[in-house]
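Trainee: Fold the following.
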Amino acid sequence: APEELTQEDYAMMSDYAYRYDSCLNQVSLEQMDKLPDPRHVVDYAMKQCASELEELDRKMIARNIDPDYRQGYINIVNRKSVSETLSNVMMGMASRQSQTPAPVQ
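Mentor: Numbering: from 1, shown residues only. Below is the predicted model of the structure:
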């Protein structure tokens, strides 16, 4: 239960959430010029960064954190990071497109 979590547990969980978010942003930034669809960019990043969430899951299991709480937390971290990253990628790609000069005819 959440009330049984220690400050160390929260710090570890927060660290992995940050690591996953940072990974998504970094990989997405690297892929924005390579993939035409923002959803594909973020999907690719999610696959590349899945190990962060898998490691978080292993750490939470090792600390005997309730399975329902564990899954809920990981799902929330994933949804929040993916949503924010997708929004950033869409804005970034739109900004880059608007800065590209129109072809001369």
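Trainee: Would you tell me which helix is longest in this structure?
Mentor: helix 67-99 (DSSP state H).
Trainee: Could you list the buried residues of stretch 29-39?
Mentor: For stretch 29-39, the neighbour count (16 or more other Cβ atoms under 10 Å) marks 31-32, 35, 38 as buried. In this view, the C-beta of every residue, glycine as well, is placed from N, C-alpha and C.
Trainee: number of nearby residues for residue 65?
Mentor: A count of nearby residues for residue 65, using other Cβ atoms under 10 Å, gives 20.
Trainee: does it count as helix, strand or coil?
Mentor: coil (DSSP: H, G, I helix; E, B strand; the rest coil).
Trainee: backbone phi and psi for it, please?
Mentor: Main-chain dihedrals, residue 65, degrees, to the nearest 10: phi -80, psi 140.
Trainee: Quick one: residues contacting residue 13.
Mentor: 56, 60, 73 (Cβ atoms under 8 Å, 6 or more residues apart in numbering).
Trainee: what's the answer for residue 93, then?
Mentor: 32, 38, 41.
Trainee: swap in residue 74?
Mentor: By Cβ under 8 Å, 6+ apart, the neighbours of residue 74 are 53, 56-57, 60.
Trainee: are any of the residues you listed buried, and which?
Mentor: By 16+ other Cβ under 10 Å, the contacts of residue 74 give 53, 56-57, 60 as buried.
Trainee: Of those residues, just say which sits nearest to residue 25.
Mentor: Distance to residue 25 across those (Cβ to Cβ) is lowest for residue 53, with 14.9 Å.
Trainee: if we can go back for a sec, nearest to residue 14, of the buried ones among the contacts of residue 74?
Mentor: Closest to residue 14, out of all of the buried ones among the contacts of residue 74 and judged by Cβ to Cβ, is residue 56, at 10.3 Å.
Trainee: you'd agree the closest one is up against residue 16?
Mentor: Yes. The pair residue 56 / residue 16 is scored as a contact, 3.8 Å apart, by Cβ atoms under 8 Å.
Trainee: Please list all residues in contact with residue 97.
Mentor: Going by Cβ under 8 Å, 6+ apart, the list of residues near residue 97 is empty.
Trainee: Alright, that wraps it up for me.
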